[in-house]
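Student: Give me coordinates for this.
(chains A and B)
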2 protein chains.
Amino acid sequence: MNLSCPLPRPIMDRILLAHGGGGRLTHQLIENLFLPAFSNPALNLRHDGALFNAGNGQLAMTTDTYVVHPLLFPGGNIGDLAINGTVNDLAMCGARAVALSAGFVLEEGLAMETLEVVVASMRDAALAAGVPVVTGDTKVVDRGKGDGIFINTTGVGSVFAPQPVGPTFVSPGDAVIISGDLGSHGIAILSVREGLEFEAPVFSDTACLLPAVEALFEAGIEVHCLRDLTRGGLSSALNEIVVINGLRITIEEALIPVSDVVRGACELLGLDPLYVANEGRFVVFVREKDAEYALTVLRSQKVSSHAVRAGTVLEHTSGIVTIRSRIGGNRVLDMLSGEQLPRIC
Amino acid sequence: MNLSCPLPRPIMDRILLAHGGGGRLTHQLIENLFLPAFSNPALNLRHDGALFNAGNGQLAMTTDTYVVHPLLFPGGNIGDLAINGTVNDLAMCGARAVALSAGFVLEEGLAMETLEVVVASMRDAALAAGVPVVTGDTKVVDRGKGDGIFINTTGVGSVFAPQPVGPTFVSPGDAVIISGDLGSHGIAILSVREGLEFEAPVFSDTACLLPAVEALFEAGIEVHCLRDLTRGGLSSALNEIVVINGLRITIEEALIPVSDVVRGACELLGLDPLYVANEGRFVVFVREKDAEYALTVLRSQKVSSHAVRAGTVLEHTSGIVTIRSRIGGNRVLDMLSGEQLPRIC
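Tutor: Predicted coordinates for the structure are as follows:
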């Protein structure tokens, strides 16, 4: 009889689109394949970026490959998305990007003009974030083996947070603050991809979140956790956090800002804005007593001028996210299952 | 009359496979598009990696996306290639990798088993190189918009070289040392891709070059420049160096090691082994007086046990690489034009 404990294995035998969706299958792939293979203290924290020691200081590192389709969309393109997204992931670790790398996978036949537009947006976004692109790489794949442009950006940041920030520092009693209205990025992408027109044009919220994060720390607020609301949206971000620390997060549906046009588009498309990706929104966990001040500070920054308090962290025996609906009932807000919006970033 | 100097523009209006080949078109894309857009001191040095200051120390950073086809080949797979290649690029800056990131682009429908094999090879190669994979990202693209697996690895390294190393430090009189026989990686890939059988199986030379590089520095040798001989092979590496510093490098064809089976395969396929990619070979520039000792040190390391002195750096008015053939004539060894082996790494 074999009593040894078998390694957990991914349950699927093929990769599905949902493995890249930021929801349940992405989570399984990470937990069952990547974490066991590469296990180390930095990776095992499961944060947006990793902290490591080099030189005489502590640095943060994060990586993201951007495969958004289409390459150009209202409010941005894959180029500024690739810079902002990685600068933001470092900001979520309480770090300022000091060096970026850019790795391109180009498809044979791509119009040079498209590449020029994308590279110009990357340049502008990098200048705005104050970070140099110090090294790069370009590969070309044959026609039909890629899709125009994929861009990997990896960032190294210097940590400015005076205390560690991350899911493990979320505590019962913490206030849950959302930096602005949800869903614009996903709906902007979908409107181009599906050729949909809504009552008003929807622009991606892609933006650099660093000024808002720096303002929080400069104000001396003890920030417990930051998380940007990308793939899988608010619901997946909150679920990832409760899975790690076994608490309950409860939010109020009526407090969560969603613009009328995004709400209308979501109703039309059968989407829940709490699961739609954002590229310029984040959630902040601070102590109850700091909540009002944190809101004041965030509202002073353009990128988070519509920040709201949306919920609270409670004691619980296992991780769960609940939402109180407009008519008063409580329901569980689960992690995204399947894939509603592939290739959103 | 407009006397301002127009920005140089890429001459092609579409991306060709050769833009990713490491030869002339790659060079043009870098010089005409990427460098003007992202210009900064680290990037402008055009080295395999960039040096930047963070914390209180100097760090190196490098990025590479691996798109090799097929994913598995004799002697390795895309996984160990992705780890070794990035560790090697840092070693070429005189740096030891201290943290790696891994960004996956998976194609819908990929067999999970293939991903598991690749990830296991990455784990083993990272362990062998002594570097943790601290952060990662996974994206999935729809079937027909990718090709199984693309992997970006980006590395941060701590610099151990006591003096700067790079193309600008190559000087007249330097000896040119090659760490081993050339062409195995490219021919191994090609043999699988084209279903060719040669008189003996050819295995990729993919390997971690760090021990050989560390041994050179530990021996106190003043290394002027290191360059791994990947895309575009030896000829492109030497040409990139002379373009930057305007010297002449002359090598002896009879001194360059190429195995009989690789030479035979190249003759059959109409390839020049000096242009074929390697993933475990590098060129070293040291002062003439250190050449013999450097060879002794390199030959003490498994990965460079067949190192040879292949040429010399001479004064010249503009950058040029020449090769003295077996029968005595000198010819110019030009940068790779076009693309002979797409998706080799």
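
Student: Is the longest strand seen in chain A positioned near chain B?
Tutor: What stands out as the longest strand in chain A, according to DSSP state E, is strand A:95-107. Yes - on the criterion Cβ under 8 Å from any Cβ of the partner chain, strand A:95-107 is in touch with chain B at A:V98, A:A99, A:S101, A:A102, A:G103, A:F104, A:V105, A:L106, A:E107. Where C-beta positions appear, they are placed from N, C-alpha and C, glycine not excepted.

Student: got the buried residues for the very next helix or strand once past that strand?
Tutor: For strand A:95-107, the succeeding helix or strand toward the C-terminus, using DSSP states H and E, is helix A:112-129. For helix A:112-129, burial by neighbour count (16 or more other Cβ atoms under 10 Å in any protein chain shown) applies to A:112, A:114-119, A:121-123, A:125-126, A:128-129.

Student: Dump these into CSV; add distance to chain B as well.
Tutor: Converted to CSV, those look like this (distance: Cβ to the nearest Cβ, whole Å):
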residue, distance to chain B
A:M112, 5
A:T114, 9
A:L115, 7
A:E116, 7
A:V117, 11
A:V118, 10
A:V119, 5
A:S121, 10
A:M122, 7
A:R123, 4
A:A125, 11
A:A126, 7
A:A128, 14
A:A129, 13
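
Student: Hmm, A:C93 and A:H47 touching each other?
Tutor: Yes - using Cβ atoms under 8 Å, A:H47 is in contact with A:C93, at 6.2 Å.

Student: Among the two, which residue is more densely surrounded?
Tutor: Ranked by neighbour count (other Cβ atoms under 10 Å in any protein chain shown), A:H47 and A:C93 place A:C93 first, with 28 against 25.

Student: Could you measure from that one over to chain B?
Tutor: Taking Cβ to the nearest Cβ, to the nearest Å as the measure, A:C93 falls 10 Å from chain B.

Student: Give me the secondary structure label for that residue.
Tutor: coil (DSSP: H, G, I helix; E, B strand; the rest coil).

Student: Pretty sure it sits against A:F52.
Tutor: No - with contacts counted by Cβ under 8 Å, A:C93 stays clear of A:F52, the gap being 11.1 Å.

Student: so what sits against both of these two?
Tutor: Common neighbours of A:C93 and A:F52, using Cβ atoms under 8 Å, 6 or more residues apart in numbering or on different chains, are A:A60.

Student: Please give the number of neighbouring residues around the nearest residue to A:P201 once chain neighbours are set aside.
Tutor: The spatially closest residue to A:P201, leaving aside those adjacent along the chain, is A:P74, at 5.9 Å (Cβ to Cβ, 6 or more residues apart in numbering or on different chains). For A:P74, the number of neighbouring residues by other Cβ under 10 Å comes to 15.

Student: Ramachandran angles for the residue sitting nearest the centre point of chain A?
Tutor: Residue closest to the average C-alpha location in chain A (Cα atoms, centre = their mean): A:T230, at 3.1 Å. When quoted as degrees, to the nearest 10, the phi and psi of A:T230 stand at phi -90, psi -130.

Student: hmm, back to that, can you redo the residues of strand A:95-107 next to chain B as TSV, where the extra columns are pLDDT and neighbour count?
Tutor: Putting the residues of strand A:95-107 next to chain B into TSV (pLDDT from 0 to 100; neighbours: other Cβ atoms under 10 Å in any protein chain shown) gives the following:
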residue	pLDDT	neighbour count
A:V98	96	22
A:A99	97	27
A:S101	98	28
A:A102	98	29
A:G103	98	27
A:F104	98	27
A:V105	98	28
A:L106	98	24
A:E107	98	20
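
Student: what does the model give A:G328 for pLDDT?
Tutor: Here the pLDDT value assigned to A:G328 is 88.

Student: Going by secondary structure, it is in what exactly?
Tutor: Judged by DSSP H and E, A:G328 forms part of no helix or strand.

Student: same question, A:A265
Tutor: Using DSSP H and E, the element containing A:A265 is helix A:260-269.

Student: Quick one: low-confidence residue ranges for chain A.
Tutor: A:1-11, A:55-56 (pLDDT under 70).

Student: Now do the strands in it.
Tutor: Here chain A has its strands, by DSSP E, at A:50-54, A:57-66, A:72-73, A:76-77, A:95-107, A:133-141, A:149-159, A:175-178, A:223-228, A:248-252, A:282-286, A:308-314, A:320-324, A:330-332.

Student: Thank you kindly, that will do.
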